[in-house]
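A.B. asks: Fold the following and give me the result.
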Amino acid sequence: MSVFETNVLRLPKPNYEYITTEEAARTALSEIANHSIIQVDTETTDLNPYFGKMSLLQIGVPNKAYVFDVRSDTEHSSVGLEIFKPILTDNNILKLLQNAVFDMEYIKLHGGYYVNNIYDTMLVEQLFSLGLGWTKADLSSLVLRYLGITMDKEPRNTFTDYNQVFQPFQLEYAANDVVVLDMLRNLQMPRIQQEGFENVCRLEFEFTKPMCEMELNGITFDVDKHRIILEDIERDRQKHGKMVGDLLTATEDQTTLFGVSLINIDSSVQLLRALKKYGFELDSTEVGALGKFKGVPVIDELLSYRKAQKFISTYGETLIAKINEITGRLHTEFKQMVSTGRMSSSTPNLQNIPKKQIYRSCYVARDGHVLITADMSGAELRILGNLSADPIFVDSYKRNIDIHTRTASEVFDIPFDNVTNKDRGAAKAINFGLCYGLSKFGLAKRLKISEQEADNMINSYFRRYSGVKRLLDQAGKSAVMRRYSTTVSGRKRFYKLPEYGHPDFERKKRAIEREGKNAIIQGANADTIKEAMIIAVNKLEERNMKSKLLLTVHDEIIIEAPENEKEEARAIAEESLVEGFGKYFHLIPMKADGLVGPCWLKSECEHKESDNAPKCGGTNMEWAPDDKYGTKIVCKKCGATQ
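C.D. replies: All right, here's what the predicted structure looks like:
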C-alpha cells in the first residue's frame, strides 16, 4: 500500500430483519414498542409523494433494523401502513429521522397520520451552519463527517420499480439508512447543548408538521383569470418596449424601412451601446444600475419593460405548468431555514407573488370553502420595540398611537396633528428600514433626498429613540465580536470574518454589523411565525376541523376553511399569531386580523367615501361579476372593488 493511499471505511453489513407478513410485523412492533428512541426511514418510488408509492418502511432499534415491506396492494407483502400508527404517533417514543418532512409527507398521504415527536439530524446540522453558506447535510455527508465512514448511496436509485423483488443489497442499503441515525444524534447532542440550541431544535422539529401541511395541501389556481392578466402584462411589455426603442432610435442610424428600431433591447451589449450614445455611462443593464437614473423617461420605460418581462417569465405559462395533475393545485416546496431562520419557497415560489389584489385573486378557495388571510400587525416594529424596550415605542403601542406618525412628529419636530402623509411615509421608511439594516445611502435613494439629509434624519431618529440605537449598536458589535447573532428562540446566524489586516476585513466587518442588526429582528420574526403555525395546526387538529393551513408569506398565514368553519378558523388564525408572538414577547403584544374571502386577500377594505372619511376597514370579501376577468373581489361591508 502506498504512503499516499488511504483506506475507505464503509459501513459494515447491518443486522436486519426483512418483514413481509402482518403477523411478523406485529411481533416486531411489540418488540419495538419497548424502546423510547427509534430510528425511522422510508424507501419510495418517487421524490413526490403524489406521484410515488412507498415500498419500504424501516425502523431501527439498538443493534437491529426492521425492514418492513409495505406494498400490501401487491403479492409481495400483507403489511399496511395502518399498523404502524400506534408507535409512530406515540409522543412518548422519540423518532430519529433524516430529512423528516420527506418521510412524514409520504406517511401522511399514504397512511393518513403524522409521525409525532421527532428529531431530524438534517435540521440540526443546518442549524449548526446558518449563514455560513451551503453546508452539506445529507445523510452520507453526515456519516462521513461524524463517523469517517463512506456510505454507498448508489442503490437509492433502484427503488423506482414498485413491483420488483428486492435484492439483499437493497435491503442492506435500507437498513443502513436507519442504523446510523442514533450515532449521529449522540454526536450532535454535545454541540446542541454547547450552543444552547435545545429550544430552537424543538421549534424546528415541531414545525415539520405545518411544513408538511402546506406542501401537501397546495392551493387552487384560477388559470383562466391568470391568462387574461398575462395578456394585459404582455401588452404593457410591448408598449414599454416600443417606447424604449423609439427613444433610443434617435441615437442610432439604423431602422427598418418602416422606421422600426433595429436595437434589440434584450441584448445587454446593444442596450449598453445605445444608452451610452443617449448619455448614460453604465457598467451593466441590471435593474440596480438602471435604478440610479429613475425619473429619466427612457430608463423608466426600460424598467417597466423589464418588470413586465420578469413577471411573464416567472409567473406565466411556467407557473401554470406546475399545477399538480393529480390534485389540480399548486404545491410549493419550502426550504425550512435560510440564514435568518426564515423559510424560502420554490417550484413555484409562492412567497414572491406580487401583493396587488388582482394577482392574489387568482389564488382561490376550492368550492364550498373560503380562504382566511391573517397576518401579524407590524411584526418587525413590535419586535424592535420589545427587544429595545424603547420608552417611545412602548408608550406608542400601549396607547395605540400610530408609530409612524409619532416618529415623524418626533424626528421632524412637527406637531402630531400636523404630520402629512409625506412626513409619515418618510418616517415609515426609517422605521422599517432600520429593521433591515438600512444605511444613509439606502434611505437617500428610497426617499429621493441627499445623503446628508438622510444622515440627518437617521441621527435625529436615534437621538429620540435611544433605546433602539442602543439595541442596534450592540447587535452589530456583538455580531462582529462573537461571529454570530442570537434570536429569541436561541437560533444563531453565523458569520465569516477574515483575519484582521485582510484587504476585505473592514468591508466585511461593516457588512456583518448591518447583518447583525437585521438578524435579531428577522430571526425573531421567523421564530414567532413558526410558533404561530405550530399552534394553528395543532388547534385545527385538536378540534377535528376540516380547515387546513395552505401557505405562509413572512408574517402572514393562509388557511382554507369550509363555509361552516370560517369564523372558528379565523379566530384560530388570529389567536395563533398572537400566541406565537407572545411565546417570546410580552412588553408589546401582537395584534392580528383575519380576512375572509373566496381568494387570497391583500388587506382590509381601504375604501373611503371621501378624502376626510375613515377607511371602510371591512374584513369580509366576496366575488362579484366582472366583464373582463369574470369575477372581481368586493367588500361585503361597503361593496367597493378591491
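A.B. asks: And the residue nearest the centre of the chain, how far from residue 500?
C.D. replies: Centroid check for the chain by CA atoms, centre = their mean gives residue 343 as the closest residue, at 2.7 Å. Distance, residue 343 to residue 500, by CB to CB, to the nearest Å: 36 Å. Every residue, glycine included, has its C-beta placed from N, CA and C.
A.B. asks: can you check residue 268 too?
C.D. replies: Taking CB to CB, one finds residue 268 at 39 Å from residue 500.
A.B. asks: Could you do residue 348 as well?
C.D. replies: Distance from residue 348 to residue 500, by CB to CB: 45 Å.
A.B. asks: more neighbours, those two?
C.D. replies: Neighbour count, other CB atoms under 10 Å: between residue 348 and residue 500, residue 348 has more, with 21 against 8.
A.B. asks: low-scoring pLDDT stretches of the chain, where are they?
C.D. replies: Low-confidence regions of the chain, defined by pLDDT under 70, span residues 1-8, 250-262.
A.B. asks: okay, now the domains of it?
C.D. replies: 16-195, 223-320, 329-377+526-635, 380-524 (automatic domain parsing).
A.B. asks: what's the neighbour count on residue 52?
C.D. replies: Residue 52: 17 neighbours (other CB under 10 Å).
A.B. asks: OK, contacts around it?
C.D. replies: 44, 45, 46, 106 (CB atoms under 8 Å, 6 or more residues apart in numbering).
A.B. asks: Three-state assignment for the nearest residue to it once chain neighbours are set aside, please.
C.D. replies: Distances taken as CB to CB, 6 or more residues apart in numbering place residue 46 nearest to residue 52, at 2.8 Å, with adjacent residues excluded. Counting by DSSP: H, G, I helix; E, B strand; the rest coil, the backbone at residue 46 sits in coil.
A.B. asks: Where do the helices of the stretch 351-500 of the chain begin and end?
C.D. replies: 357-360, 379-388, 391-398, 403-412, 421-435, 440-447, 451-464, 466-482 (DSSP state H, counting those that start in this stretch).
A.B. asks: Just the angle for the third one relative to helix 451-464, thanks.
C.D. replies: So that's helix 391-398. Taking axes from the mean of the first three to the mean of the last three CA atoms, to 10 degrees, one finds helix 391-398 and helix 451-464 inclined to each other by 80 degrees.
A.B. asks: Could you tell me the angle between helix 391-398 and helix 466-482?
C.D. replies: 120 degrees.
A.B. asks: by contact count, what packs against helix 391-398?
C.D. replies: helix 379-388, helix 403-412, helix 466-482 (3 or more CB pairs under 8 Å, 6 or more residues apart in numbering; DSSP states H and E).
A.B. asks: Pick the most buried one from these.
C.D. replies: A comparison of these by mean neighbour count, using mean count of other CB atoms under 10 Å, puts helix 379-388 on top with a mean of 24.
A.B. asks: Identify all contacting residues around that one.
C.D. replies: 376, 390, 393-394, 397, 403, 431-432, 434-435, 465, 467-468, 470-472, 520-522, 524-525, 528-529, 555, 581, 585-590.
A.B. asks: contacting residues for residue 71?
C.D. replies: 53, 55, 77, 162, 163.
A.B. asks: my guess is the last one contacts residue 77, does it?
C.D. replies: This points to residue 163. No. The pair residue 163 / residue 77 is not scored as a contact, 11.3 Å apart, by CB atoms under 8 Å.
A.B. asks: of the two, who's got more company?
C.D. replies: Using other CB under 10 Å as the criterion, residue 163 and residue 77 rank with residue 77 on top: 19 against 11.
A.B. asks: what's near enough to touch that one?
C.D. replies: 20, 21, 68, 69, 70, 71.
A.B. asks: Now go through those residues and say which are in strands.
C.D. replies: Members of those lying in strands (criterion: DSSP state E): 68, 69.
A.B. asks: Closest to residue 110 out of the contacts of residue 77?
C.D. replies: Lowest distance from residue 110 to those (CB to CB) belongs to residue 70, with 8.4 Å.
A.B. asks: ok, that closest one to residue 313 distance?
C.D. replies: From residue 70 to residue 313 the distance is 42 Å (CB to CB).
A.B. asks: phi, psi of the residue nearest to residue 467 when sequence neighbours are not counted?
C.D. replies: Leaving aside its chain neighbours, residue 467 sits nearest to residue 390 (3.0 Å; criterion: CB to CB, 6+ apart). Main-chain dihedrals, residue 390, degrees, to the nearest 10: phi -60, psi 130.
A.B. asks: check contacts around residue 390.
C.D. replies: 384, 465, 466, 467, 468, 471.
A.B. asks: can you tell which of the helices and strands packed on helix 391-398 is closest to residue 361?
C.D. replies: With CB to CB as the criterion, residue 361 lies closest to helix 379-388 of these, at 24.6 Å.
A.B. asks: how about the closest residue in space to residue 487 that isn't next to it in sequence, what does it touch?
C.D. replies: The spatial neighbour of residue 487 that comes closest, neighbours along the chain excluded (CB to CB, 6+ apart), is residue 523 at 3.3 Å. Neighbour list for residue 523: 340, 341, 342, 485, 487, 488, 489, 491, 493 [criterion: CB under 8 Å, 6+ apart].
A.B. asks: What strand or helix carries residue 523?
C.D. replies: Take DSSP states H and E as the rule and residue 523 turns out to sit in helix 505-542.
A.B. asks: got the angle for that helix vs helix 421-435?
C.D. replies: Using the same axes, to 10 degrees: helix 505-542 against helix 421-435 is 100 degrees.
A.B. asks: What residues sit buried inside helix 505-542?
C.D. replies: Using 16 or more other CB atoms under 10 Å as the test for burial, helix 505-542 gives 508-509, 511-537, 539-540.
A.B. asks: and residue 549, what element?
C.D. replies: strand 548-553.
A.B. asks: Tell me the strands beside that strand, with direction?
C.D. replies: strand 556-562 (antiparallel) (DSSP bridges).
A.B. asks: Only the buried residues of the next helix or strand after the partner strand, if you could.
C.D. replies: Proceeding N to C from strand 556-562, the next assigned helix or strand is helix 566-582, under DSSP H and E. By 16+ other CB under 10 Å, the buried positions in helix 566-582 come out as 566, 569-570, 572-581.
A.B. asks: ok so, going back, between the strand holding residue 549 and helix 566-582, how many degrees?
C.D. replies: Using the same axes, to 10 degrees: strand 548-553 against helix 566-582 is 50 degrees.
A.B. asks: May I have strand 548-553 exported as PDB, CA atoms only?
C.D. replies: Provided in PDB are the C-alpha atoms of strand 548-553 (Å, rounded to 0.1, in the frame of the first residue of the first chain):
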ATOM      1  CA  LYS A 548     -56.200  23.400   6.500                       C
ATOM      2  CA  LEU A 549     -53.100  25.600   6.600                       C
ATOM      3  CA  LEU A 550     -52.100  26.300   3.000                       C
ATOM      4  CA  LEU A 551     -49.300  28.900   2.900                       C
ATOM      5  CA  THR A 552     -47.200  31.400   4.700                       C
ATOM      6  CA  VAL A 553     -45.600  34.500   3.400                       C
END
